[in-house]
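here is a sequence with its predicted model. Questions after.
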Amino acid sequence: MNEHSDNPFENAMRQFEKAASKMNLDPGFLEIIKRPRRAVIVSLPIKMDNGSFKVFEGYRVLHSIVRGPGKGGIRYHQNVTLDEVKALAFWMTWKCAVVNIPFGGAKGGINCDPTKLSPGEIERLTRRYTADLVEIFGPDSDVPAPDVNTNPQVMAWVMDTFSMHKRHTETAVVTGKPIELGGSLGRKEATGRGVMFCVREALKKTGKDLKGVRIVVQGFGNVGGIGATLMAEQGAKIVGISDISGAYHNPDGIDMAKANECIIKNKTLKGFEGGKKIPAEDLLTLDCDVLVPAALENQITADNAGKIKAKIIVEGANGPTTPDADEILSKNGVMIVPDILANAGGVTVSYFEWVQNKQSYYWPENEVNEKLERIMVESFDSVWNVGLEYKVNLRVAAYILAIKRVIDVIKVRGVYA
Ligand code: NAD
């Protein structure tokens, strides 16, 4: 396998195989859990606003239903490929198992540039995609959610199209819906909140708490912006933030209210005056206690890993650290809370949304947040204890825990071969 890959599937496989090699697993079982259960490609002809027809390619990969229905987002992006969707579905299986929610892994996508499509074209594309996958999606088989460039409105169209085909309203077929359509309170903040809990628990293991701790956050969107704001509320000092417009440093602590105001006004941090603008590549190596990459994959690489000063990294984004960087950081004694644990708050509250939809009974936000906290803290401790037992870092420990949970279910279910 390529030692310097930026292919998410290859990187995910390297992480997985490292953990599997410590577990003395039946090679047959290993082969079963590595492969996606099903991968579907659909051609989606859409009538464009100008009256012409255009055909888009869509995908849905169901990696595993061993522990429950497949769960995973739908991504709209011009670089979406079947391979990428396969990798993301694979990650979802382990993420759901780490936090011990009864879902398997899935993911979907449409190869399109949504910035070049009108709202009407996006709606028709979403409805055609859903209609073509109506036998695949279902509250008990495969439950989509938002991902890059899809949002609660897109989920509402998925839910409506599915329901029209089934001739009854089926809210639990998709999560991340608007609140008035059965979305869960607290879902929007869930991933950032889960990141905050992981930072707090990681600090606890080193005898510290969030008060006064210096934190740098890369990415100021749903995960990074909300995570940074919640950590600041708990007394942390956010000394560096960044987004697509650039990076900002303030050793005295950045005022989160000002940063959020800037986002509301300008959509990005462009022109932000609450910190000194620094080159984007300098953000990750700033002097701080905790680093939270919450933007994109492959940000911490063999080139910058050795210069990172933070002693704790909490991965808000999926796949922000390459396997080579992982080794350098491990050797340097940096604690990394891996993505499949650190950003699992989102899928956990998606699970709560699904449960609420199935019961037609809705919980107040404090109940959602308390249940999320319990799951995140328990999962953090479980991963920590596996790390101590196997003498491995938290990433390997998280995979070992997840693989064990999936294999244990396969063993009792048996293989229908
Ligand atoms: P988002 O689009 O809301 O925010 C992304 C942020 O990253 C934006 O502020 C953007 O400007 C910034 N960004 C983009 N390119 C950058 C660059 N080169 N340098 C610095 N910043 C850059 O997305 P999000 O939902 O916050 O997702 C962020 C990451 O978290 C992704 O990897 C996503 O897969 C992962 N994630 C998100 C959720 C969720 O519930 N939103 C759940 C699990 C994982």
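Structure received.

please make it C-alpha for all contacts and neighbour counts, starting now.
Will do.

give me phi/psi at Ser242?
phi -160, psi 160 (degrees, to the nearest 10).

hmm, Gly271 and it touching each other?
No - proximity of Ser242 to Gly271 does not meet the contact threshold set by CA atoms under 8 Å, at 11.8 Å.

with neighbour numbers in mind, choose between those two.
Ser242 (29 against 11; other CA atoms under 10 Å).

is that one in a bridge, and if so with what?
According to DSSP bridges, the residues that bridge with Ser242 are Gln218, Ala247.

who in the stretch 301-417 of the chain is up against the ligand?
Gly316, Ala317, Asn318, Asn343, Gly346 (CA under 6 Å from any ligand atom).

and the least confident of these?
Ranked by pLDDT, those bottom out at Asn318, which scores 90.

next, give phi and psi for that residue.
Here Asn318 shows phi and psi, under degrees, to the nearest 10, equal to phi -90, psi 130.

which residue, other than its chain neighbours, is closest to it?
Counting by CA to CA, 6 or more residues apart in numbering, Asn318 lies nearest to Asp339, which is 5.5 Å off, once chain neighbours are set aside.

let me know whether His63 touches Phe90 as I believe.
Yes - the pair His63 / Phe90 is scored as a contact, 5.7 Å apart, by CA under 8 Å.

just give the closest residue to whatever residue of the stretch 301-417 of the chain ends up closest to the ligand, not the sequence neighbours.
Relative to the ligand, the nearest point of the stretch 301-417 of the chain is Ala317 (3.5 Å; CA to the nearest ligand atom). Among residues not flanking Ala317 along the chain, Ala294 sits closest, at 4.3 Å (CA to CA, 6+ apart).

report pLDDT for that neighbour.
97.

contacts only, for it.
Val217, Gln218, Gly219, Phe220, Val223, Gly224, Glu315, Gly316, Ala317, Pro320 (CA atoms under 8 Å, 6 or more residues apart in numbering).

restricted to strands, list those residues.
Val217, Gln218 (DSSP state E).

okay if I get the contacts of Ala294 as CSV plus neighbour count?
As requested, the contacts of Ala294 are exported to CSV (neighbours: other CA atoms under 10 Å):
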residue, neighbour count
Val217, 27
Gln218, 29
Gly219, 24
Phe220, 24
Val223, 29
Gly224, 28
Glu315, 26
Gly316, 34
Ala317, 26
Pro320, 23
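
among the contacts of Ala294, which are in helices?
Among the contacts of Ala294, the residues falling in helices (DSSP state H) are Val223, Gly224.

please identify which of the contacts of Ala294 is nearest to Trp384.
Nearest to Trp384 out of the contacts of Ala294 is Glu315 (CA to CA; 15.6 Å).

just give the nearest non-adjacent residue to that closest one, would you?
Glu315 sits nearest to Asp339 (CA to CA, 6+ apart), 4.8 Å away.

now do that neighbour, the pLDDT please.
96.

next, give phi and psi for it.
phi -50, psi -40.

and for it, the neighbour number?
Neighbours of Asp339 (other CA under 10 Å): 23.

mind checking how far it is from Ile32?
Using CA to CA, to the nearest Å, one obtains 23 Å as the distance from Asp339 to Ile32.

check Lys411 too.
Distance from Lys411 to Ile32, by CA to CA: 12 Å.

so for those two, which sits in the more crowded spot?
For Lys411 and Ile32, the more surrounded residue by other CA under 10 Å is Ile32, and the numbers stand at 14 against 10.

what does the stretch 101-250 of the chain have sitting close to the ligand?
Thr191, Gln218, Gly219, Phe220, Gly221, Asn222, Val223, Gly224, Ser242, Asp243, Ile244.

go again using 5 Å as the cut-off
Thr191, Gly219, Phe220, Gly221, Asn222, Val223, Asp243, Ile244 (CA under 5 Å from any ligand atom).

isn't the last one up against Thr268?
Yes - the pair Ile244 and Thr268 passes the contact test of CA under 8 Å, sitting 7.4 Å apart.

these two: which has the busier surroundings?
The neighbour comparison of Ile244 against Thr268 (other CA under 10 Å) goes to Thr268, with 20 against 14.

name the element the more buried one belongs to?
Assessed by DSSP states H and E, Thr268 sits outside every helix and strand.

residues in contact with the lengthiest strand in the chain?
For the chain, the longest strand by residue count, based on DSSP E, is strand 53-64. For strand 53-64, contacts defined as CA under 8 Å, 6+ apart pick out 33, 35-48, 70, 82, 85-86, 89-90, 93, 104-112, 129, 142.

any idea which helix or strand carries Arg127?
Going by DSSP H and E, Arg127 is part of helix 119-132.

show me what the very next helix or strand once past that helix is packed up against.
Going down the chain from helix 119-132, the next helix or strand is strand 142-146, by DSSP H and E. With contacts taken as 3 or more CA pairs under 8 Å, 6 or more residues apart in numbering; DSSP states H and E, strand 142-146 sits against strand 70-77, strand 104-111, helix 152-166.

got the buried residues for the next helix-or-strand element following the last one?
Just to be clear, that refers to helix 152-166. Note on helix 152-166: by DSSP H and E, the next helix or strand toward the C-terminus is helix 187-205. The neighbour-count check on helix 187-205 (16 or more other CA atoms under 10 Å) flags 187-203 as buried.

show me the contact partners of helix 187-205.
Residues contacting helix 187-205 (CA under 8 Å, 6+ apart): 176, 209-210, 222-228, 230-231, 290, 312, 314-316, 337, 342-350, 353, 369, 372-373, 376-377, 380.

filter the residues you listed down to the buried ones.
Applying the neighbour count, that is 16+ other CA under 10 Å, the buried entries in those are 176, 209-210, 223-228, 230-231, 290, 312, 314-316, 337, 342-350, 353, 369, 372-373, 376-377, 380.

just the residues you listed: which are in strands?
Going by DSSP E, the strands hold Val290, Ile312, Val314, Val337 from the buried ones among the contacts of helix 187-205.

I figured the third one hits Ile300, correct?
No - in this structure Val314 lies outside contact range of Ile300 using CA under 8 Å: 12.0 Å.

before we move on, the earlier item: what's the most distant pair in the contacts of Ala294?
Phe220 and Pro320 (14.8 Å).

okay, and for this structure, where does confidence drop off?
Scanning the chain for pLDDT under 70 picks out 1-6.

and the gap between Ala202 and the ligand?
Distance, Ala202 to the ligand, by CA to the nearest ligand atom, to the nearest Å: 19 Å.

that older thread, for the residue nearest to Ala317, give me phi and psi.
Torsion angles, degrees, to the nearest 10, at Ala294: phi -140, psi 40.
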